[in-house]
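Student: Mind looking at a prediction? Sequence and model below.
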Amino acid sequence: MPDEKTDRHRATTHRLNDKSWFAIARLGAESTNALAISSGLFGILYGAACTSLGISAPLAALSSLLVFSGAVQFTALPLLGEPLALGAIAVSSLLVCNRIILMGISIAPHLASRSLLHRVAALHFLTDGSWAATIAETRAVDRFPFFVGAGSWILLLWVIGTIAGTLIAGALDPAMLSALRFSGVLFLGLLLLLVVDKTGMPHSPWILSGAAAGTASLALPLSLAFAVGVVAGATLAFALERPNDG
């Protein structure tokens, strides 16, 4: 009966609202298991790639902890040691992560109940996965600990994966290590597909974006390859969104 359904819904809402901060954070972590595991696996590739370039295990792990952006970290690797590397890395990072600006804007209302200091501190956990999980969550829970829990779990496995990658790098074939410079495109493409699947967005623009970026990376620097992918995907998305005439 409708009354019974309403009562059950209210009881469930009450239980969720009564959960502790840690319990809600755990719910957020559980909602991102697939994304966190995939981040950990790519963390292994990143750690191995760092080792192949002579970057120590502590520095590789520290970069994953502080930067916490697989796309940026993979993009930066082939630029290290080049002339004007800092400027190139900064521009590449903006090209790769400009979507984070839109994510921040869209998730802001869900975190508005917290102080500015808390929200700024939580920005470190803003990733594709934590954003998608928080936006898609329909249960009556406090979104702030949910968001932090989701991002923390992804961060933890990303760092653990990085450390593991530095430990197994010596067992990898040199040709495989040199091929890891393309992992940035693969990482972002697969991660975005997981996010799109979770939020119900159309897949085709993201598939085209990943394919275009992967193809372009064979002839262009990764930063420009990502830009090619963004333009290709955005063009298709715009075409799909246009209303049919007549």
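Tutor: That came through fine.

Student: H118 touches F147, doesn't it?
Tutor: No. Using C-beta atoms under 8 Å, H118 makes no contact with F147, being 10.8 Å away. C-beta here means a position set from N, CA and C on the backbone, and glycine is covered the same way.

Student: So these two - more neighbours on which side?
Tutor: Taking other C-beta atoms under 10 Å, H118 and F147 do not tie; F147 has more neighbours (27 against 12).

Student: Okay, buried residues for the longest helix anywhere in the chain please.
Tutor: With secondary structure taken from DSSP state H, the chain has its longest helix at helix 143-168. For helix 143-168, a neighbour-count test (16 or more other C-beta atoms under 10 Å) marks 143-155, 157-166 as buried.

Student: What does the pLDDT read for V120?
Tutor: pLDDT, V120: 89.

Student: Ok, L188 next?
Tutor: Value for L188, per-residue pLDDT: 54.

Student: how many neighbours does L86 have?
Tutor: Count around L86 with other C-beta under 10 Å applied: 11.

Student: If you could redo that for V120, that was the one I meant.
Tutor: For V120, the tally of surrounding residues (other C-beta under 10 Å) stands at 10.

Student: same deal with A234?
Tutor: Neighbour number of A234 under other C-beta under 10 Å is 13.

Student: Find the nearest non-adjacent residue to it, please.
Tutor: When the adjacent residues along the chain are set aside, A234 lies closest to P205, with 7.3 Å between them (C-beta to C-beta, 6 or more residues apart in numbering).

Student: Same check on S217?
Tutor: S217's closest residue in space is A225 (C-beta to C-beta, 6+ apart), at 3.8 Å.

Student: ok, the one you found - contacts?
Tutor: Taking C-beta atoms under 8 Å, 6 or more residues apart in numbering, we find A225 in contact with 185, 213-214, 216-217.

Student: again, but for I44
Tutor: Neighbour list for I44: 161-162, 164-165, 168 [criterion: C-beta under 8 Å, 6+ apart].

Student: Tell me the one among the residues you listed nearest to I24.
Tutor: Nearest to I24 among the contacts of I44: G161, at 25.4 Å, using C-beta to C-beta.

Student: Leaving out chain neighbours, which residue sits closest to that closest one?
Tutor: Of all residues not flanking G161 in the chain, G43 sits nearest, at 2.3 Å (C-beta to C-beta, 6+ apart).

Student: count of neighbours near L94?
Tutor: So L94, with other C-beta under 10 Å, has 13 neighbours.

Student: Need the pLDDT of it.
Tutor: 73.

Student: ditto for P78
Tutor: 72.

Student: so the strand or helix carrying the residue nearest to G161 versus helix 143-168, what angle?
Tutor: Using DSSP states H and E, G43 maps to helix 33-52. Between helix 33-52 and helix 143-168, the angle comes out at 40 degrees (axes from the mean of the first three to the mean of the last three C-alpha atoms, to 10 degrees).

Student: Please identify the buried residues of the helix or strand just after helix 33-52?
Tutor: Helices and strands here follow DSSP H and E; after helix 33-52, the next one along the chain is helix 57-66. Residues of helix 57-66 classed as buried: 57, 60-61, 63-64 (neighbour count, 16+ other C-beta under 10 Å).
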